[in-house]
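Chemist: Show me how the following folds:
(2 chains)
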Amino acid sequence: MARQRRRVLPGFGISLGYALTYLGLIVLLPLAALVWKASALDVDGWLRLLSAPRTLAALKLSFGGALIAALFNAVAGLLVAWVLVRYRFPGRRLIDALVDLPFALPTAVAGIALTAIYAPNGWLGQYLLPLGIKIAYAPAGVLVAMIFVGFPYVVRTLQPVLETLDRDVEEAAESLGATRLQTFVRVIVPALLPTLLTGFALALARAVGEYGSVIFIAGNIPLRSEIAPLLIVQKLEQFDYAGAAALGTVMLGFSLLLLVAIALLQRWSGRWAERGA
Amino acid sequence: MTLELSHLHRRYAGFAALDDVSLRIEPGEFLALLGPSGSGKTTLLRILAGLDYPDSGSVRQNDRDLLAVDARQRKVGLVFQHYALFRHLTVSENVAFGLRIRPRKSRPSRAEINERVERLLKRVQLDDLGKRYTSQLSGGQRQRVALARALAVEPDLLLLDEPFGALDAQVRVALRRWLRNLHEELGLTSVFVTHDQEEALELADRVAVMNRGRIEQIGTPEAIYQQPATPFVCEFIGKNNRIPLQRANGVLTGGQRQLGADPWPGNAVGSAIGYVRPEHLLVSSAPSQGGWAAQLRHIYLAGGVAHLELDVPALGQVLEADMSSDEVAQRGLQPGQALVVQPRLITAFPLNAQGEADAAARHVLQPQAAP
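Modeler: Numbering: from 1, shown residues only, chains lettered A, B, ... in the order given. The predicted structure follows:
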């Protein structure tokens, strides 16, 4: 008689089946539909779409902006997470709660609020404009909105890891003669890198997909401050379903490529961690 | 290198971690700081490492003020209970860390570093594991990596904070003997913190017993065990039976038996406290003078030694006496048997009106055995 392997929790088969079905329905099916729809476009149509300067500019802004915003968030998020975990000060809990606000705020509201601040006659915009800095209705506005919506991801992924980071290790480095900078660069950052990359990937994905807040602040000037999702919406409004799906497919491909690259980088940066169970 | 610590005080919010601690650490000495948690031993170690600072007092190394030197420049090797290894570095990289981060002009060449790392790994018997990450090592191996890493920077002083605390019992004993040998080979001044008395007594040249931020007693392991100086040391080190004593008419009595002349005739308060080690309780079958009638309640056989639990009605308490297992078998001792116990050596302290023991008036009694 064959011996069965015992597990603490029963129902592996059922739960795996459920998970896969769920994933299929929620994620894979719509994506398959997208690709299916895009395949209606012929080669000529693809070429026209991909060579259009407007498409290229929009894709460049969407992905380039998202990368810059995610990088900025990685640095700023690390700083905020560090302060929230390592220091005790009055109002810490309040600030901690504020971090989640971009999660909860309807993105259109965020977009309008950011526009109100950075518009040429807004609270900050009126002082920035004389300095030659234009944020709202410019590509910089896209960045600001992308930074805003991606910010909580880095903080929230880093916090639990920072909390478990062993202080002994920093003290060990110090007694071995390391300066504070050396301790930070050679001990703390490598330990945080896999998590930092997770936060970076999440912030990036969020920024690439962001629509609501960006369209309010961007001004949506073709070739300058127009993001790819907006282009998709415009195609839909013109009943160009195949074109919209094709552009969506391109975004999907790019996103997948980026996420895989980050996952590989992450695996490399965490090569020292215990593997398996 | 002699370390002179004098009058160190350290307070944390309303709690004295160190309360007037003075201590001299001799060159090449292996010193143990032994005490329960919260006794200040780790604080003392952290002050030596430069990771904490006293509120007042001084630490001098030969004639240098050590407190003016920050942790980076102290040339102190530090080993932590939970190893504190750099998980993202291999074993070799961990050991090399302290050398690689040096400014270029004082950094040894790459070949020199590699050579030194290899030698150290050989010394801690890990020479074939240099390329592994620390997550692939056992606890005992990790602690040896931590030791090699600390030794790589050629410290003047080695500090170990509960170095065996996280290891299982067998590895602990093996690693501890190995560390003792290493210490003898290197002749490096070492201070280690522990709450495990067996570890401290077995490993150290001298033991400082700490309690509530003070050093209760400092001395060789033999002195700490054989001549405990304070009631705390009596209770903390080894096993001791605590017996209430009475003083009246120039005689010291316990459990209605005379134990000797009153050692503190000038003191007005009438009570005292005595400590008798289990091996200093003589157990006999015949009734005799100076002994307490007792009933054998239980025999705990622990290998070569048997612990006898004896109910003594005259004291209203249970005493523990030790005897070799062979003797228990020869005499055919059984639970329930009526016996007589006699203390042969009592460490006694007079109590004041508040019931506090006076450690300075410690007196050792050797009651006469009955004829």
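
Chemist: surely B:Thr42 meets B:Val193?
Modeler: Yes - between B:Thr42 and B:Val193 there is a contact under CB atoms under 8 Å: 5.6 Å. (Glycine included, C-beta is placed from N, CA and C.)

Chemist: which residues do those two both contact?
Modeler: Counting by CB atoms under 8 Å, 6 or more residues apart in numbering or on different chains, the shared contacts of B:Thr42 and B:Val193 are B:Asp161.

Chemist: what about these two, which has more around it?
Modeler: Legend: neighbour count by other CB atoms under 10 Å in any protein chain shown for B:Thr42 and B:Val193, higher for B:Val193 (25 against 20).

Chemist: The more buried one pairs with what?
Modeler: With DSSP bridges as the criterion, B:Val193 is bridged to B:Leu33, B:Asp161.

Chemist: wait, isn't it in contact with B:Ser37?
Modeler: No - the pair B:Val193 and B:Ser37 does not pass the contact test of CB under 8 Å, sitting 10.7 Å apart.

Chemist: need the contact list for whatever residue of the stretch 251-371 of chain B ends up closest to chain A.
Modeler: Across the stretch 251-371 of chain B, the shortest distance to chain A (CB to the nearest CB) belongs to B:Ala359, at 35.6 Å. By CB under 8 Å, 6+ apart, the contact set of B:Ala359 is B:229-231, B:349.

Chemist: Pipe the residues you listed into a markdown table and attach pLDDT per row.
Modeler: Output for the contacts of B:Ala359, formatted as a markdown table (pLDDT from 0 to 100):
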| residue | pLDDT |
| --- | --- |
| B:Ala229 | 93 |
| B:Thr230 | 93 |
| B:Pro231 | 93 |
| B:Phe349 | 92 |
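
Chemist: List the ones among those residues that fall in strands.
Modeler: Of those, the ones assigned to strands by DSSP state E are B:Phe349.

Chemist: For the stretch 101-250 of chain A, which segments are assigned as helices?
Modeler: Along the stretch 101-250 of chain A, counting by DSSP state H, counting those that start in this stretch, helices occupy A:101-104, A:107-118, A:125-128, A:139-164, A:167-175, A:180-183, A:189-209, A:212-218, A:228-237, A:241-269.

Chemist: looking at the ones you listed, which is buried most?
Modeler: Mean neighbour count (mean count of other CB atoms under 10 Å in any protein chain shown) peaks for helix A:212-218 among the helices of the stretch 101-250 of chain A, with a mean of 25.

Chemist: C-alpha coordinates for that helix, PDB please?
Modeler: Extracted in PDB, the C-alpha atoms of helix A:212-218 (Å, rounded to 0.1, in the frame of the first residue of the first chain):
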ATOM      1  CA  GLY A 212      -7.600  58.800 -12.800                       C
ATOM      2  CA  SER A 213      -5.200  61.200 -11.100                       C
ATOM      3  CA  VAL A 214      -2.900  61.600 -14.000                       C
ATOM      4  CA  ILE A 215      -5.400  62.800 -16.500                       C
ATOM      5  CA  PHE A 216      -6.500  65.600 -14.300                       C
ATOM      6  CA  ILE A 217      -3.000  67.000 -13.700                       C
ATOM      7  CA  ALA A 218      -1.300  66.100 -17.000                       C
END
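
Chemist: pLDDT averaged over it - what is it?
Modeler: In this model, helix A:212-218 carries a mean pLDDT of 89.

Chemist: Flag the shaky bits of the chain, pLDDT-wise.
Modeler: Here I'm looking at chain A. Scanning chain A with the threshold set as pLDDT under 70 gives A:1-6, A:274-277.

Chemist: meant chain B actually
Modeler: For chain B, the stretches with pLDDT under 70 are B:287-290, B:369-371.

Chemist: Near whichever residue of the stretch 1-150 of chain A sits closest to chain B, how many other residues are there?
Modeler: Nearest residue of the stretch 1-150 of chain A to chain B: A:Arg88, at 12.9 Å (CB to the nearest CB). For A:Arg88, the count of nearby residues is 6 (other CB under 10 Å).

Chemist: Now render the contacts of B:Ala359 as CSV, adding distance to A:Leu49.
Modeler: As requested, the contacts of B:Ala359 are exported to CSV (distance: CB to CB, whole Å):
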residue, distance to A:Leu49
B:Ala229, 90
B:Thr230, 88
B:Pro231, 89
B:Phe349, 95
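
Chemist: my guess is the residue of the stretch 1-150 of chain A closest to chain B is in a helix, correct?
Modeler: No - secondary structure of A:Arg88 (DSSP: H, G, I helix; E, B strand; the rest coil): coil, not part of a helix.

Chemist: so what's it up against?
Modeler: Listed by CB under 8 Å, 6+ apart, A:Arg88 has no contact partners.

Chemist: Roughly how far does it sit from B:Leu137?
Modeler: 35 Å (CB to CB, to the nearest Å).

Chemist: Then A:Gly77?
Modeler: When distance is defined by CB to CB, A:Gly77 is 33 Å away from B:Leu137.

Chemist: These two: which has the busier surroundings?
Modeler: A:Gly77 (26 against 18).

Chemist: how distant is whichever helix or strand A:Ala97 is part of from the center of its chain?
Modeler: If you go by DSSP states H and E, A:Ala97 is part of helix A:92-98. With CA atoms, centre = their mean, to the nearest Å as the basis, helix A:92-98 stands 22 Å off its chain's centre.

Chemist: counting contacts, what elements does that helix pack onto?
Modeler: On a contact count with 3 or more CB pairs under 8 Å, 6 or more residues apart in numbering or on different chains; DSSP states H and E, helix A:92-98 meets helix A:53-86.

Chemist: Isn't B:Met210 up against B:Leu34?
Modeler: Yes - in this structure, B:Met210 is within contact of B:Leu34 by CB under 8 Å, at 6.8 Å.

Chemist: Please enumerate the shared neighbours of those two.
Modeler: Common neighbours of B:Met210 and B:Leu34, using CB under 8 Å, 6+ apart, are B:Lys41.

Chemist: ok so, going back, give me the contacts around the helix holding A:Ala97.
Modeler: A:Leu84.

Chemist: what does the stretch 101-250 of chain B put close to chain A?
Modeler: Residues of the stretch 101-250 of chain B lying close to chain A (CB under 8 Å from any CB of the partner chain) are B:101-102, B:133-136, B:146, B:149-150, B:153.

Chemist: could you redo the last one with a cut-off of 10 Å?
Modeler: B:101-103, B:106, B:132-136, B:146, B:149-150, B:152-153, B:155, B:159, B:161 (CB under 10 Å from any CB of the partner chain).

Chemist: So which of these are in strands?
Modeler: B:159, B:161.

Chemist: In helices, which of the residues of the stretch 101-250 of chain B next to chain A fall?
Modeler: Secondary structure defined by DSSP state H assigns B:146, B:149-150, B:152 of those to helices.

Chemist: Could I have the ChimeraX command that selects the buried members from the residues you listed?
Modeler: For the buried members of those, the matching ChimeraX selection, counting by 16 or more other CB atoms under 10 Å in any protein chain shown, is:
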select /B:146,149,150,152
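
Chemist: In a markdown table: the helices of the stretch 101-250 of chain A, plus distance to chain B.
Modeler: Compiled in a markdown table, these are given as follows (distance: least, CB to the nearest CB, whole Å):
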| stretch | distance to chain B |
| --- | --- |
| helix A:101-104 | 31 |
| helix A:107-118 | 37 |
| helix A:125-128 | 41 |
| helix A:139-164 | 12 |
| helix A:167-175 | 4 |
| helix A:180-183 | 5 |
| helix A:189-209 | 4 |
| helix A:212-218 | 37 |
| helix A:228-237 | 37 |
| helix A:241-269 | 8 |
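
Chemist: List just the one of the ones you listed that sits closest to B:Val305.
Modeler: Across the helices of the stretch 101-250 of chain A, B:Val305 has its closest neighbour in helix A:167-175 (38.7 Å, CB to CB).
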